[in-house]
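Asker: Build me a model from this:
(chains A and B)
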2 protein chains.
Amino acid sequence: MESYTVQCQEGTGVRISELSRRSGVSIPTIKFYLREGLLHDGVRTAATQAQYDETHAARLALIRALVGAGGLSLAAASRVLHAIDDPPESMHELLGVAAAAAHPAGDRHPGHDRVHELMREWGWPIEAKDCSSHDELAVALGALDDAGFVLPEGTLDLYKDHMEQIAAHELATVPTESAAAAVRHVVLGTVLPEPLLLILRRMAQHQASARRFG
Amino acid sequence: MESYTVQCQEGTGVRISELSRRSGVSIPTIKFYLREGLLHDGVRTAATQAQYDETHAARLALIRALVGAGGLSLAAASRVLHAIDDPPESMHELLGVAAAAAHPAGDRHPGHDRVHELMREWGWPIEAKDCSSHDELAVALGALDDAGFVLPEGTLDLYKDHMEQIAAHELATVPTESAAAAVRHVVLGTVLPEPLLLILRRMAQHQASARRFG
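Answerer: Below you'll find the model as predicted:
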């Protein structure tokens, strides 16, 4: 994160070249973000010059987190940034914007009803606006069916229980000192640990295999 | 699975065209599998004709599970099939071949030592032959570092604990009536539930977000 921070004296900004050097974002990219309204304008000091400060550096770091490691498209990052600038009433809605951006909607899937039935069993409220995630669950379950792979009895509920406990911990640790920090944490904290969880599962399977069959 | 089953009377086989029709695998593909030694030859009934039976249909179903839903390359599927035909001493080693095929090795990662340190903390034995999975964990952890995303205190251990419990259940439910069934279950059971786990986590996060911020 060090490289994203622009140190400057109180009241004095830096030029775009210095902002670029210290943030690691190229000048054409910074200009693009300015044109697209993702980054706010600097203070104009001449016809062709402006000065930038800490707030620009922080915003650039957030944009890079969302479109880089967070894997958001520029359009999705733009929606999330605008939601931060003009936040919805509740933090839950704001995080909903972030989560929806991180996993965009696809087409409705025929396995939808089965998912709603599962959610009723699990006591999870069904909200129409979340239908894209219901579809993704339907697709994931359909892939097992297509392969003729039947999850052993109790496995789906067990997966759900563990993911619920993981999610409870994750949400309990979302920082709330600012909307920007919360959204950054939710987008990165959704996407980045995914490979981590999968590789830990596979290594744990290997350990369990050694215990059962080794 | 119905379509993969070739029903035939005792002692009478079917021609390749019928094997193809009932298994849903095209004749050129079946011939390719025969040439590559993935599928055993039929009983020759004429210079250009052979008959195939239940064992061919079962093998085709296994090949399709591995290279289709299991996502193995043909070379990886071939290694797994040869391990089934000429099985190593223990089921653990056989499942190791299957797991390694499902997730091939990459280059060694500099974060290797940190992973070994974690494994020692967790009481997981470190075996040199599993270094490819250690690398993947190093890469996954490195991606968080690169993004400047710090997992909140205790989160990595919590992930590990839950994945350990999931893996213990998964390994306890591996069918052991045949090596082929066990390998099919391990390859498909490793790969197919991955999107399922991730979407369940995301839906659970949404539920947890509603509880915390809703």
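Asker: residue contacts, the residue positioned nearest the centre of chain A?
Answerer: Closest residue to the average C-alpha location of chain A: A:V187 at 1.7 Å, with Cα atoms, centre = their mean. Counting by Cβ atoms under 8 Å, 6 or more residues apart in numbering or on different chains, A:V187 touches A:A65, A:L66, A:G70, A:L72, A:V80, A:A98, A:A99, A:A101, A:A102. All C-beta atoms are positioned from the backbone trio N, CA, C, and that covers glycine.
Asker: Spatially nearest residue to it, not counting backbone neighbours?
Answerer: Sequence neighbours aside, A:G70 is the residue nearest to A:V187 in space, at 4.2 Å (criterion: Cβ to Cβ, 6 or more residues apart in numbering or on different chains).
Asker: just checking, the one you found touches A:L81?
Answerer: No - using Cβ atoms under 8 Å, A:G70 makes no contact with A:L81, being 11.7 Å away.
Asker: Domains in chain A, by residue range?
Answerer: Here the domain parsing of chain A from automatic domain parsing is A:2-69, A:76-213.
Asker: Make a markdown table from those and add mean pLDDT to it.
Answerer: Below are those laid out as a markdown table (pLDDT from 0 to 100):
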| stretch | mean pLDDT |
| --- | --- |
| domain A:2-69 | 84 |
| domain A:76-213 | 87 |
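Asker: which secondary structure element contains A:H40?
Answerer: For A:H40, there is no host helix or strand (DSSP states H and E).
Asker: Could you do A:L94 as well?
Answerer: helix A:91-102.
Asker: next one: the longest helix seen in chain A to chain centre, how far?
Answerer: Ranked by number of residues, the top helix in chain A under DSSP state H is helix A:193-213. Relative to its chain's centre, helix A:193-213 lies at 25 Å (Cα atoms, centre = their mean, to the nearest Å).
Asker: counting contacts, what elements does it pack onto?
Answerer: helix B:91-102, helix B:131-146, helix B:155-172, helix B:193-213 (3 or more Cβ pairs under 8 Å, 6 or more residues apart in numbering or on different chains; DSSP states H and E).
Asker: Show me what the second one is packed against.
Answerer: Under the contact criterion of 3+ Cβ pairs under 8 Å, 6+ apart, helix B:131-146 touches helix A:193-213, helix B:112-122.
Asker: Quick one: residues in contact with the longest one.
Answerer: Applying Cβ under 8 Å, 6+ apart, the contact partners of helix A:193-213 are A:166, B:90-92, B:95-96, B:99, B:103, B:124-125, B:130, B:133-134, B:136-137, B:139-141, B:143-144, B:151, B:155-156, B:159-160, B:163-164, B:166-168, B:170-172, B:174, B:190, B:194, B:197-198, B:201.
Asker: that older thread, neighbours of the residue nearest to A:V187, how many?
Answerer: Number of residues near A:G70 (other Cβ atoms under 10 Å in any protein chain shown) recorded here: 27.
Asker: what's it in contact with, if anything?
Answerer: Shown in contact with A:G70 (Cβ under 8 Å, 6+ apart): A:A77, A:A102, A:R184, A:V187, A:L188, A:V191, A:L192, B:A147.
Asker: Quick one, grab the pLDDT at it.
Answerer: With respect to pLDDT, A:G70 scores 81.
Asker: sorry, back to before: next, the angle from the helix holding A:L94 to helix A:131-146.
Answerer: 50 degrees (axes from the mean of the first three to the mean of the last three Cα atoms, to 10 degrees).
Asker: what residues does helix A:91-102 touch?
Answerer: Contacts of helix A:91-102 (Cβ under 8 Å, 6+ apart): A:70-72, A:76-77, A:79-80, A:83-84, A:87-88, A:129, A:132, A:174, A:176, A:179, A:182-183, A:186-187, A:190-191, B:202, B:205-206, B:209-210, B:212-214.
Asker: Which ChimeraX command selects the buried ones in the residues you listed?
Answerer: Buried residues among the contacts of helix A:91-102 (16 or more other Cβ atoms under 10 Å in any protein chain shown), as a ChimeraX selection:
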select /A:70,71,72,76,77,79,80,83,84,87,174,179,182,183,186,187,190,191 /B:202,205,206,209,210,213
